[in-house]
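Q: no sequence on hand, only this structure:
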Ligand SMILES: Nc1ncnc2c1ncn2[C@@H]1O[C@H](COP(=O)(O)OP(=O)(O)OP(=O)(O)O)[C@@H](O)[C@H]1O
């Protein structure tokens, strides 16, 4: 495979500073990270260390003050907002602590919609959505609305939605943080199994050290930079 085919997410010298009243807070001070396709990396660090900020920047939802984000080898820094939105739809999947599913749509429709926004024809989108739900053990929940699903099931649907467009990079912020420990354990195991089958480069923020250790690599955000382990 060529370098371009294996490159997932690369962060180079990311800096981000916030003003809080008269104070300035240097949250990120030159964070570097390289995640290859198929690699699953845990992002850990104390509360307030800047994990969500880093994920927002990696997800092209926010621009860094300095540094570069490369998605599948493409530099996002010089791109217009419209182009960044296109890159996001094409190459990125997100899972948050709360599922953010659309309540008036069924599980399968929630997975079809982002694909249609990305230009995928509805029959293909439905096929992919059904396949993902099947692999998540949710085939019999496809036509249920989020309100009719358990918390674990809702989060499983959100994971399917994040992977529906075949992204090169998956970003997850405490994806099982809102679930009880037992459900968190099984949803996490299914997330990892599903991700492994896709070859996506994944960066998953967690406060749970046991879950972190089960990923391929752990990076810690400490004093604004990323250190291994
Ligand atoms: N838009 C903003 N304006 C000002 N300060 C901000 C902004 N966003 C984040 N911060 C500050 O930056 C720091 C890092 O926040 P962030 O949410 O990235 O941390 P985190 O590691 O994800 O924390 P947690 O584990 O508690 O979710 C915090 O001190 C926060 O108050």
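A: Sure, I can see it. Everything numeric in this text was worked out from a predicted model, so none of it was measured. Residues are numbered from 1 along each chain as shown.

Q: after the longest helix along the chain, which helix or strand is next? Please name it.
A: In the chain, with assignment by DSSP state H, the single longest helix is helix 181-198. Heading C-terminal from helix 181-198, the first helix or strand you meet, by DSSP states H and E, is strand 201-205.

Q: circling back: now the longest helix of the chain: buried residues?
A: Within helix 181-198, the residues scored as buried using 16 or more other C-beta atoms under 10 Å are 183, 184, 187, 188, 190, 191, 192, 194, 195, 198. Where C-beta positions appear, they are placed from N, C-alpha and C, glycine not excepted.

Q: dump those residues into JSON lines; add distance to residue 12 and pLDDT as well.
A: Converted to JSON lines, the buried residues of helix 181-198 look like this (distance: C-beta to C-beta, whole Å; pLDDT from 0 to 100):
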{"residue": "183", "distance to residue 12": "37", "pLDDT": "92"}
{"residue": "184", "distance to residue 12": "33", "pLDDT": "92"}
{"residue": "187", "distance to residue 12": "32", "pLDDT": "92"}
{"residue": "188", "distance to residue 12": "29", "pLDDT": "93"}
{"residue": "190", "distance to residue 12": "32", "pLDDT": "91"}
{"residue": "191", "distance to residue 12": "27", "pLDDT": "93"}
{"residue": "192", "distance to residue 12": "27", "pLDDT": "93"}
{"residue": "194", "distance to residue 12": "29", "pLDDT": "90"}
{"residue": "195", "distance to residue 12": "24", "pLDDT": "91"}
{"residue": "198", "distance to residue 12": "25", "pLDDT": "89"}
